[in-house]
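Trainee: Generate a structure from the sequence data that follows.
(one chain, ligands or ions: 1)
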Amino acid sequence: MNFKEFGLDARIMRGIEAVGYTTPTPIQQQAIPVVLQGRDVLGLAQTGTGKTAAFMLPILQRLTRGPLRRPRVLIVAPTRELAEQTNEAARDLGRFTKVRSVSIYGGVGKRPQLEALRRGVEIVVACPGRLLDHIGEGDIDLSGIEVLVLDEADRMCDMGFLPDIRRILKHLPARRQTLFFSATMPEDIRKLSRDILHDPVTVQIGMIAPAKTVSHALYPVPQKSKKGLLLAMLEQTATGRVLIFTRTKRRARFLARDLEKKGYRVSALQGNMSQNKRQRSINGFRDGQYDILVATDIAARGIDVTEISHVINFDMPDTVDAYTHRIGRTGRALQSGEAFTFAVAGDEPIVRDIERLLGANIERRRLPGFDYGGYSPENEFHTRPAPQQRNNGRRRSNGAQRRRRNHSAR
Ligand code: AMP
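Mentor: Now for the predicted structure:
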């Protein structure tokens with residue numbers, strides 16, 4: 001199958017060619033025709049599947065006709081990074097059309113956003129908080145919205161945005177097309193989707209299991225030896241671009257600083273940094289100025305860097321979903337990657353949950369030549385018979401639930 005079969009406008013086809021896509025990904029094959037028909041869509045797709053273009057291309061097609069310079073499409077995203085990435089996709093794919101888009105999020109000045117709104121845009125890509133500010137101040141008229149996209153709805157829920165979403169919905173016309181994307185379907189998300197979707201077509205891609213192109217390994221280690229293990233691993237392993245995840249903003253900052261002292265080209269990406277600094281880190285990582293990015297979960301949402309060779313979970317993610325999203329950063333767009341996870345005592349329940357999701361045991365590894373002191377990784381994290389794969393990644397063990405921490409730390 002190729003993109004010609006969708007019957008898209010020639011200007012959009014030029015955009016697709018310019019970004020270098022030749023074959024639609026499975027989610028694009030499934031979703032583009034239904035979105036073009038104007039149907040509501042419930043898209044169960046993780047990041048890295050090509051879902052952005054799956055909704056953006058038919059949206060651009062709609063916008064080639066009808067009024068210009070007024071908001072007609074609203075895309076709501078949980079983080080600034082994802083909003084920025086989606087805005088870039090609109091600009092890249094729509095570069096030969098007259099369509100304009102703006103991204104709206106907090107942490108930066110309002111003025112450029114206001115100016116863009118005044119000049120006139122068709123696509124608004126927004127994070128909930130700042131969008132509500134603009135709505136409250138009468139800066140934006142959403143009465144002409146024809147299409148609403150909720151992207152990464154489960155993540156918005158995790159971040160406590162559901163009340164904001166419901167508030168935003170009140171400002172939108174009831175008659176509209178709604179596209180709802182989520183990697184997982186916890187009950188509150190299912191309810192929201194039921195409330196706002198009208199007779200949706202469900203499009204499901206690789207129900208939340210992490211990309212098959214990624215290989216996974218678990219490194220049991222005592223907490224105090226983590227940094228030593230990481231340094232030894234970076235020395236021994238032929239890595240390209242490495243994305244390291246820590247549990248807190250503080251740990252990200254300190255680990256990045258320590259790696260820098262050891263001579264690595266590294267930057268941090270965490271929620272205490274200004275938007276400009278975050279963007280500089282992401283750009284530097286993408287451009288090859290940095291080989292390593294040390295990030296927290298929330299800050300890393302929506303990083304679109306295709307050549308990440310390794311994701312290292314310096315700290316275990318709190319939830320299976322977080323694991324999926326972290327690992328979704330590597331193996332993107334069919335490249336292969338490796339995911340290494342450091343596991344300490346107490347991480348057993350979440351490891352079991354992840355293995356259930358993968359439908360396989362994660363290989364336990366000892367880093368050759370590393371001095372573990374008196375600790376023997378072989379004696380930790382015993383594998384069990386290969387677990388059955390679940391078709392729903394949301395159930396967590398009680399232990400994993402207890403481990404969920406306050407997002408403000410990230
Ligand atoms: P997404 O899931 O939308 O975040 O997309 C993941 C990555 O795949 C992004 O880097 C996209 O630019 C890329 N991508 C999306 N669609 C295609 C395609 N049809 N062919 C090749 N790469 C694609």
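Trainee: got a list of contacts for stretch 271-285?
Mentor: Contact with stretch 271-285 is made by 80-81, 84, 105, 107-108, 241, 243, 249, 253, 267-269, 289-290, 293, 296, 298-299, 303, 305, 410, as judged by C-beta atoms under 8 Å, 6 or more residues apart in numbering. Every residue, glycine included, has its C-beta placed from N, CA and C.
Trainee: which of those are buried?
Mentor: 80-81, 84, 105, 108, 241, 243, 249, 253, 267-269, 290, 293, 296, 298-299, 303, 305, 410 (16 or more other C-beta atoms under 10 Å).
Trainee: Which ones among those lie within strands?
Mentor: Applying DSSP state E to the buried ones among the contacts of stretch 271-285, the entries found in strands are Arg241, Leu243, Ser267, Ala268, Leu269, Leu293.
Trainee: Just flag the most distant two among the residues you listed.
Mentor: The largest separation in those, counting by C-beta to C-beta, is between Arg241 and Ala268 at 15.0 Å.
Trainee: list the contacts for the nearest residue to Asp291 once chain neighbours are set aside?
Mentor: Distances taken as C-beta to C-beta, 6 or more residues apart in numbering put Arg265 closest to Asp291, at 4.9 Å, once the chain neighbours are dropped. If you count contacts by C-beta under 8 Å, 6+ apart, Arg265 has them with Gln289, Tyr290, Asp291, Ile292.
Trainee: what does Arg130 give?
Mentor: Shown in contact with Arg130 (C-beta under 8 Å, 6+ apart): Ile104, Tyr105, Gly106, Lys110, Gln113.
Trainee: Please indicate which of these has the highest neighbour count?
Mentor: Neighbour counts for the contacts of Arg130 (other C-beta atoms under 10 Å) peak at Ile104, which has 30 neighbours.
Trainee: That one bridge partners, please.
Mentor: Taking DSSP bridges, one obtains Ala126 as the residues bridged to Ile104.
Trainee: So which residues of the stretch 251-400 of the chain form helices?
Mentor: Ranges of helices within the stretch 251-400 of the chain are 275-287, 297-300, 320-327, 348-358, 398-403, based on DSSP state H, counting those that start in this stretch.
Trainee: Could you tell me the angle between the third one and helix 348-358?
Mentor: The one in question is helix 320-327. Between helix 320-327 and helix 348-358, the angle comes out at 70 degrees (axes from the mean of the first three to the mean of the last three C-alpha atoms, to 10 degrees).
Trainee: Check the longest one too.
Mentor: Counting by the same axes, to 10 degrees, helix 275-287 lies at 60 degrees to helix 348-358.
Trainee: Buried residues in helix 275-287, which are they?
Mentor: Buried residues in helix 275-287 (16+ other C-beta under 10 Å): Arg278, Gln279, Arg280, Ser281, Ile282, Gly284, Phe285, Arg286.
Trainee: Run through the residues that contact the closest residue to Leu255 other than its chain neighbours.
Mentor: Using C-beta to C-beta, 6+ apart and skipping residues adjacent in sequence, the residue nearest Leu255 is Val294, 5.0 Å away. Shown in contact with Val294 (C-beta under 8 Å, 6+ apart): Ile244, Phe245, Thr246, Ala252, Leu255, Ala256, Leu259, Val266, Ser267, Ala268, Leu269, Phe314.
Trainee: Most widely separated two among the residues you listed?
Mentor: Farthest-apart pair in these is Ser267 and Phe314; separation 15.2 Å (C-beta to C-beta).
Trainee: quick one on the thing from earlier: including mean pLDDT and distance to the ligand, could the helices of the stretch 251-400 of the chain go into JSON lines?
Mentor: Shown next, in JSON lines, are the helices of the stretch 251-400 of the chain (pLDDT from 0 to 100; distance: least, C-beta to the nearest ligand atom, whole Å):
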{"stretch": "helix 275-287", "mean pLDDT": "88", "distance to the ligand": "11"}
{"stretch": "helix 297-300", "mean pLDDT": "74", "distance to the ligand": "13"}
{"stretch": "helix 320-327", "mean pLDDT": "83", "distance to the ligand": "11"}
{"stretch": "helix 348-358", "mean pLDDT": "88", "distance to the ligand": "19"}
{"stretch": "helix 398-403", "mean pLDDT": "37", "distance to the ligand": "26"}
